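**Q** For reference, the sequence and a predicted model appear below.
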Amino acid sequence: MSKYKTADLSKVKTYSIKKRRSKVDIASLSKVFNPKSEEFKSFLLSLPNYLVVSELNDFANAIVKAKKKNKPVVFMLGAHVIKVGLNPLIIDLMKQKFVTAIAMNSAAAIHDVELSLFGKTSEDVDAGITDGSFGMAKETGEFINLTLEKYKFANIGYGEALAIELAAKKAKYLKHSIIYNAYNLNLPITVHAAIGTDITHQQPNVDGGAIGVLSYFDFKILCDVISKIGNGGVVANIGSNVIMPEVFLKALTVARNLGNKVFNFSAANFDFIQHYRPRVNVVQRPTQDGGRGFQFTGHHEIMIPLLCAIIKSN
């Protein structure tokens with residue numbers, strides 16, 4: 001006989017499961033997909049409709065609804081999006097009018113430019129950091145730095161300047177350029193730089209003033225774009241942990257400060273780790289007074305193709 005008292009479970013009150021609200025039911029379970037006899041849409045429908053699957057469907061539907069309402073859908077990109085080969089999918093969404101504006105950090109612009117000019121990008125940092133050769137590819141620095149210097153007083157932005165020069169140089173892989181395709185489709189394409197963060201800032205032909213002038217011009221373009229996302233627009237931050245979340249928060253503040261009612265929009269962050277700035281400055285704070293925020297954790301090379309497929313299946 002124990003010296004301790006125990007609870008008398010015989011007096012516990014129970015109730016019927018029929019009265020209980022359950023989060024899981026048969027209708028939402030996963031379904032077996034047969035790739036030999038079923039279309040891809042069947043695969044999407046076979047996914048269990050819980051948690052992130054449900055939220056990803058909701059976010060994709062928000063993009064589809066935005067297109068129908070002629071509201072902006074802004075994709076903000078970090079470099080990794082381009083490094084994992086997603087240019088064709090982003091370009092396709094632009095051509096299908098699901099994405100109406102692109103904003104990217106300047107590292108993403110470097111990879112887009114290299115891919116457009118040379119058909120390859122992304123060097124081995126480990127191999128070049130020891131002897132100081134990392135980031136010193138001559139052609140990349142020359143193209144970007146001299147382009148920015150050339151258009152320093154042209155009253156255009158960083159993204160527009162790169163697009164014009166890529167076309168003028170007849171870049172061999174131009175059709176794979178997000179920057180060029182956005183410009184060619186008359187969609188806003190903005191590039192946002194932080195001096196000292198890019199390999200092109202290391203080279204002797206860099207003009208810090210030109211970077212500032214053109215990047216600042218693009219900030220003002222983005223402010224105008226963001227001013228229109230209220231009541232149904234969409235913003236997706238994909239793979240930028242610092243630059244784009246900070247730029248977006250300031251652009252949103254400017255838009256509201258100028259009297260625009262920028263509320264009730266959808267904002268999502270995609271990354272394989274959820275960091276403070278995207279979570280707070282893209283997902284939470286901007287939608288705290290209306291709208292909905294989403295966080296999707298996963299590798300871009302899997303999550304973005306899946307998002308694109310869901311969007312187009314709708």
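**A** Sure, I can see it. Numbering: from 1, shown residues only.
**Q** How about the closest residue to residue 243 other than its chain neighbours: which residues does it bridge to?
**A** The spatially closest residue to residue 243, leaving aside those adjacent along the chain, is residue 105, at 4.1 Å (C-beta to C-beta, 6 or more residues apart in numbering). For the C-beta atoms, the positions are set from N, CA and C on the backbone; glycine is no exception. Residue 105 forms beta bridges with residue 192, as assigned by DSSP bridges.
**Q** Correct me if wrong: residue 105 contacts residue 193.
**A** Yes - with contact defined as C-beta atoms under 8 Å, residue 105 reaches residue 193; the gap is 7.4 Å.
**Q** Show me where the chain has its helices.
**A** Per DSSP state H, the chain has helices spanning 40-46, 51-68, 79-83, 87-95, 106-118, 125-129, 138-150, 158-168, 178-184, 208-226, 243-257, 276-277, 300-313. These are given in chain order.
**Q** which other helices and strands contact the second one?
**A** Secondary structure elements in contact with helix 51-68, counted by 3 or more C-beta pairs under 8 Å, 6 or more residues apart in numbering; DSSP states H and E, are strand 73-77, strand 234-238, strand 265-271, strand 291-297, helix 300-313.
**Q** quick one: average confidence on the first one?
**A** Averaging pLDDT along strand 73-77 yields 98.
**Q** cool, and the third one?
**A** The predicted model assigns strand 265-271 a mean pLDDT of 97.
**Q** Would you mind listing the residues in contact with the residue nearest to residue 213 when sequence neighbours are not counted?
**A** The shortest distance from residue 213 to any non-neighbouring residue, by C-beta to C-beta, 6+ apart, is to residue 152 (5.5 Å). Each residue near residue 152 by C-beta atoms under 8 Å, 6 or more residues apart in numbering is listed here: 207, 209, 210, 213, 214.
**Q** now do residue 139
**A** Residue 139 makes contact with 117, 118, according to C-beta under 8 Å, 6+ apart.
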